[in-house]
Structures are given as structure tokens and as C-alpha cells.
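K.L.:
any chance you could fold what I've pasted below:
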Amino acid sequence: LKSAFLANLSHEIRTPMNAIMGFTDLLREPNLNGEDRENYINVVHKSGRHLLSIINDIIEISRIEAGYTELHSDPVNLNSFFDDLYQTLNITIPKEKSIKLLVDIPQDELRIFTDEIKLRQILINLISNALKYTEKGRVAFGYRKKDPGELFFWVEDTGIGIDRKYHELIFNRFRQVDEELKFARGGFGLGLAISKAFVEMMGGKIELFSEPGKGSRFSFSIPLIESNEELPEIVTPLVHKRVTLNDHSLLLIVEDDELNFQYFEEVFQGERYPYIHATNGLEAVKICENNPQIKLVLMDIKMPVMNGFDALKIIRNQRPDLPVIAQTAYALVDDKDRIIQAGFDDYITKPIQKDLLIDIIGKYMI
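P.N.:
Next up, the predicted model:
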């Protein structure tokens with residue numbers, strides 16, 4: 001079974017890697033016209049995002065297998081939750097597809113207690129697959145209360161459909177690659193296995209009704225725990241530490257990887273943030289201690305000599321008002337909670353998007 005999992009994993013990773021490396025080579029062509037260059041860049045970027053999604057799924061499956069995944073109970077306004085899902089996913093539909101994304105929910109708002117992040121991931125996985133394998137028609141999703149004390153969710157599409165003999169296989173993370181390729185161009189990845197595991201953790205069962213050429217309907221029920229808690233419509237913004245820049249102000253970038261630091265150099269070229277570089281936490285501590293002109297720190301977490309957590313503790317004792325932002329490859333929800341609880345003012349996860357990085361820095365430096 002593990003051999004099948006590794007074979008499937010190899011295929012999942014090599015597919016976007018082939019696109020990244022192949023189109024990167026094509027970008028080296030000296031006579032490439034502007035339109036082709038833009039198309040190739042888009043393919044590389046899309047494949048990179050796909051690869052990142054695969055890596056996140058691998059980590060999630062590993063945590064599930066090891067028993068490290070826990071359920072949380074959050075108050076959720078389901079109607080607002082579904083509206084947000086629609087807004088998030090509707091913009092992902094390729095323009096060349098003639099698909100309508102539809103939401104079917106009751107008019108009366110329903111407030112419940114559930115693990116919002118896991119419920120969101122389940123539905124995003126199911127809806128994303130439906131959009132992927134539907135060329136025209138519709139993809140619809142919704143929920144209903146069921147008696148006694150159950151909440152019923154579904155996602156249905158007018159896509160290619162799935163033969164009955166594969167209905168159990170697609171939820172199995174140890175499926176054989178050649179079996180999967182018989183019915184799914186591009187594969188289903190690990191998303192359905194993760195969704196099944198999360199539904200079962202939440203006390204439910206996921207089901208599939210589908211026939212080739214007639215679309216698919218995924219559904220699941222979970223226990224209904226209603227909440228009478230009024231959820232605020234407006235979230236009060238956090239009060240951030242603000243520092244005023246002058247001609248001598250510096251930003252400290254703490255990053256041990258040379259290529260990652262090179263990326264920061266390119267991002268800040270032409271920006272109004274002069275910077276200096278530290279390659280580990282100990283260097284960062286000494287620089288902050290001896291350079292009062294440091295106004296903000298971008299701190300990597302996993303580094304040699306001294307990690308970002310230990311460096312932060314010392315810097316907090318020296319300069320408690322200095323904003324320190326974690327920039328890290330640790331991207332799971334538990335990791336983010338741990339980073340904020342450790343005392344970081346904010347965090348940004350790798351791979352880092354330029355616009356998001358500049359926005360976060362702008363919250364703290366004026």
C-alpha cells in the first residue's frame with residue numbers, strides 16, 4: 001500500500017514539475033514573443049501553486065495518519081460561510097468553461113458550532129474537483145438541516161461522472177496511479193482522502209452518487225450543534241505597533257537560504273525600505289542590540305545556530321516595541337497559532353507573494 005502511495009505521490013509531484021521545468025526552458029528562447037512569454041509565465045505560476053497545494057495535502061495526510069490532527073469548535077454563521085465560499089471559488093472558474101456556480105442554502109440563517117477550517121477544506125476540495133471535471137453546465141453546493149440533529153451538505157455537478165467501480169478507490173490515498181488514470185485526467189490528488197478523513201473525524205460519513213456522463217453528487221452529514229451566539233458582522237481591526245521611518249531607518253531580513261534572500265533583494269529593489277541581512281537568529285539578536293535604527297524584523301523560523309523562536313525571546317527583552325514578523329515555510333493552522341502565541345506580531349508563509357509582503361510591512365512602518 002505504501003508503495004502505491006509513493007508511486008501516486010511521485011506522479012502528482014512530477015506532473016507540475018514537468019510543466020515548471022519545461023516552460024522555464026522555453027522561456028530561455030531568445031526569439032520568444034511577448035504573448036508566448038506571458039503565457040509561459042502563467043503556466044509556471046499555475047504549476048507552482050498546484051505543487052504547493054500537493055505539498056500541503058501531503059503534510060495534512062501525514063498529520064492525519066500520525067493522529068496529530070485535532071477538532072476545534074468554532075461558532076459559525078453557515079449562510080455567511082457559504083457566501084464566502086462562493087466568492088472565493090467563483091473567481092477560479094476558467095473563462096473558457098461555460099459553468100455556473102450555484103449556492104443552495106435556506107433563507108433563515110443558521111449558527112452552529114463546528115470546526116470551521118476543516119469544514120471549509122472539505123467543501124473546497126469537493127467543489128474544486130467538481131469545477132475541474134465539469135466543462136459546461138453547473139456546479140451546485142448547499143446545506144440543509146436534517147432530523148434528528150443532523151446537518152446535510154452536498155456538492156453536485158454536470159461533469160464527466162465516475163464509474164461505480166471507482167467510487168471507493170478515489171477516497172483511498174493508497175490507490176494505484178494506473179487505476180486512477182483510467183477514469184480521471186489529471187487525477188484527484190489527496191484532497192478526497194483528506195475530506196473523507198475530516199468528515200469521519202467530525203462524526204459523519206461521505207457518500208458519492210455518480211455515473212459516467214451524468215455528473216456526480218458528493219454528500220455528507222455531520223452532527224448539528226446549534227449556536228445561539230450572535231456573531232459580529234464587523235471585526236474590529238487589530239491595533240498594530242507602528243514605527244515612523246526616517247532617513248536612517250533599516251529593515252532587518254533574517255534568512256539563512258541564499259536564494260530566498262535574493263528574492264527579498266529583488267522585491268525591495270526600488271522600495272523605500274533599506275535593509276540589512278542576518279543569516280541566523282544569533283546574528284539577528286546582535287544586530288538588533290547594536291543598531292537602534294532597525295525598525296522592523298522579518299524573521300525566518302528554522303535556521304542554524306539559533307532559530308527564530310529563541311531569537312525572538314531575546315529581542316523582546318531588548319526591544320519590546322520592535323515589530324517582528326515571522327516569514328516561514330511552516331504554513332499549517334497549528335503552526336500559525338504557535339507563531340502568534342510565541343509573540344510574533346504577524347506572519348507570512350512561503351512562498352511569499354510580493355504584494356502581500358509589502359502590505360504586511362506597510363501595516364507596521366509609516
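K.L.:
and the longest strand seen in the chain, what does it pack onto?
P.N.:
Ranked by number of residues, the top strand in the chain under DSSP state E is strand 136-146. Counting contacts by 3 or more CB pairs under 8 Å, 6 or more residues apart in numbering; DSSP states H and E, strand 136-146 is packed against helix 78-90, strand 98-104, helix 116-132, strand 150-157. Bear in mind the C-beta positions are built from the backbone N, C-alpha and C, glycine included.
K.L.:
distance from stretch 101-109 to the middle of the chain?
P.N.:
The chain centre lies 25 Å from the centre of stretch 101-109; the measure is CA atoms, centre = their mean, to the nearest Å.
K.L.:
next, the buried residues of that stretch.
P.N.:
101, 105 (16 or more other CB atoms under 10 Å).
K.L.:
which residues sit against that stretch?
P.N.:
For stretch 101-109, contacts defined as CB atoms under 8 Å, 6 or more residues apart in numbering pick out 77-80, 82-83, 85-86, 89-90, 93, 127, 131, 138-145.
K.L.:
next: stretch 257-269.
P.N.:
Contacts of stretch 257-269 (CB under 8 Å, 6+ apart): 251, 253, 255, 275, 277, 298, 300, 350, 352, 354, 357-358.
K.L.:
would you mark the buried spots in it?
P.N.:
260-261, 263-264, 267-268.
K.L.:
repeat that for stretch 190-201.
P.N.:
190-199.
K.L.:
any chance of those residues in a markdown table, plus distance to C288, secondary structure and pLDDT?
P.N.:
Shown next, in a markdown table, are the buried residues of stretch 190-201 (distance: CB to CB, whole Å; DSSP: H, G, I helix; E, B strand; the rest coil; pLDDT from 0 to 100):
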| residue | distance to C288 | secondary structure | pLDDT |
| --- | --- | --- | --- |
| L190 | 41 | coil | 80 |
| G191 | 42 | helix | 86 |
| L192 | 47 | helix | 90 |
| A193 | 45 | helix | 89 |
| I194 | 40 | helix | 91 |
| S195 | 44 | helix | 93 |
| K196 | 47 | helix | 94 |
| A197 | 43 | helix | 93 |
| F198 | 42 | helix | 94 |
| V199 | 47 | helix | 96 |
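K.L.:
any of the contacts of stretch 101-109 buried? List them.
P.N.:
The neighbour count (16+ other CB under 10 Å) marks 77-79, 82, 85-86, 89-90, 127, 131, 138-141, 143 as buried among those.
K.L.:
ok, so of those residues, who is nearest E65?
P.N.:
For the buried ones among the contacts of stretch 101-109, the residue nearest E65 by CB to CB is I127; the value is 24.9 Å.
K.L.:
K350 is in contact with A326, isn't it?
P.N.:
No. K350 is beyond contact range of A326, at 10.5 Å (criterion: CB atoms under 8 Å).
K.L.:
with that, I have no additional questions.
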